[in-house]
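K.L.:
got a predicted structure plus its sequence, pasted below:
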Amino acid sequence: MARLAQIGIAISTIGVLMMLIGLYPGVTGIEPTPGVGILQIITMLSGLTLFILGALMYVKYTFFANQTATLAQSIGTRLALTGLLLAVLVGMADVLGYGSHGAQMEEPNVLGPLQAAGIIGSYALSCFGVLVYAVAGAMMPDKNDSASRKRSTAETAQVADQTTGSADQTQESAAVRQARGSSQSSPEQQKEETVP
């Protein structure tokens, strides 16, 4: 399971790099175009998707491996994926035809301030979903912690056995004392016991 958590970290790292390349295409050596083009938006959204999916994978296989998801964790996953869907819908609004520029491909696409705010808000929703997923689950018991619990349980059972054994010994010694006491009683006490 640790291997899958490491793969989640790698996927998230690739996502961060893709987001940075989408935001700053000059890093790759390509001449940036004026405004924000479709390819930049697709690269940013792909990077965001990889980042969120890698984060979910990391949290799942680091903290909650071999456990079924709780209801709150399912809600967190759905929040994260809803944020990704909203980011795609807002970011690709012009391409899909319902943005302020329409689906006219003659002019370069420009990422407007409302679209940028929508992408950032959707990104925040996705991050909140990952946070809910991480916080809402029951943590796996630590191996050392479970070993100490087993040891503690064994010690408790041993103490209980000793306590039970000493109680039995106390009862036996009381019975022995009583038996000795009746055999060592005075002849007058024995006569009183035998006379009806």
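P.N.:
That came through, no problem. Numbering: from 1, shown residues only.
K.L.:
how far away is the nearest residue to Ala10 once chain neighbours are set aside from Thr33?
P.N.:
In this structure, Ala10 finds its nearest non-sequential neighbour in Gly54, 7.2 Å apart by Cβ to Cβ, 6 or more residues apart in numbering. Backbone N, C-alpha and C define where each C-beta goes, glycine included. According to Cβ to Cβ, to the nearest Å, Gly54 and Thr33 sit 29 Å apart.
K.L.:
enumerate every residue touching Tyr61.
P.N.:
By Cβ atoms under 8 Å, 6 or more residues apart in numbering, Tyr61 lies in contact with Met1, Ala2, Leu4, Ala5, Gly8.
K.L.:
now the third one: how far from Ile119?
P.N.:
Translated: Leu4. 29 Å.
K.L.:
who's more crowded, these two?
P.N.:
Per other Cβ atoms under 10 Å, whichever of Leu4 and Ile119 has more neighbours is Ile119, with 22 against 13.
K.L.:
the more buried one in helix, strand or coil?
P.N.:
helix (DSSP: H, G, I helix; E, B strand; the rest coil).
K.L.:
how near is it to Ile7?
P.N.:
Distance, Ile119 to Ile7, by Cβ to Cβ: 26 Å.
K.L.:
cool, and Gly47?
P.N.:
Separation of Gly47 from Ile7 (Cβ to Cβ) stands at 17 Å.
K.L.:
could I get the contacting residues of Met92?
P.N.:
Ile38, Ile41, Ile42, Leu45.
K.L.:
backbone dihedrals for Tyr24, please?
P.N.:
Here is the backbone geometry of Tyr24 (degrees, to the nearest 10): phi -130, psi 80.
K.L.:
over to Gly35?
P.N.:
Per degrees, to the nearest 10, the backbone of Gly35 is at phi 80, psi -170.
K.L.:
same check, this time on the one 3 residues further on
P.N.:
For Ile38, the backbone dihedrals are phi -60, psi -40 (criterion: degrees, to the nearest 10).
K.L.:
and it, how far from Leu48?
P.N.:
Distance of Ile38 to Leu48, computed by Cβ to Cβ: 16 Å.
K.L.:
more crowded one of those two?
P.N.:
Leu48 (25 against 15).
K.L.:
mind checking pLDDT for that one?
P.N.:
At Leu48, the model reports a pLDDT of 93.
K.L.:
these two touch, right, it and Ile120?
P.N.:
No - when contacts are counted by Cβ atoms under 8 Å, Leu48 is not listed as touching Ile120 (10.4 Å).
K.L.:
if we can go back for a sec, who has more neighbours, Gly54 and Thr33?
P.N.:
Neighbours of Gly54 and Thr33, each counted by other Cβ under 10 Å, are more numerous for Gly54; the result is 22 against 12.
K.L.:
with that, I have no additional questions.
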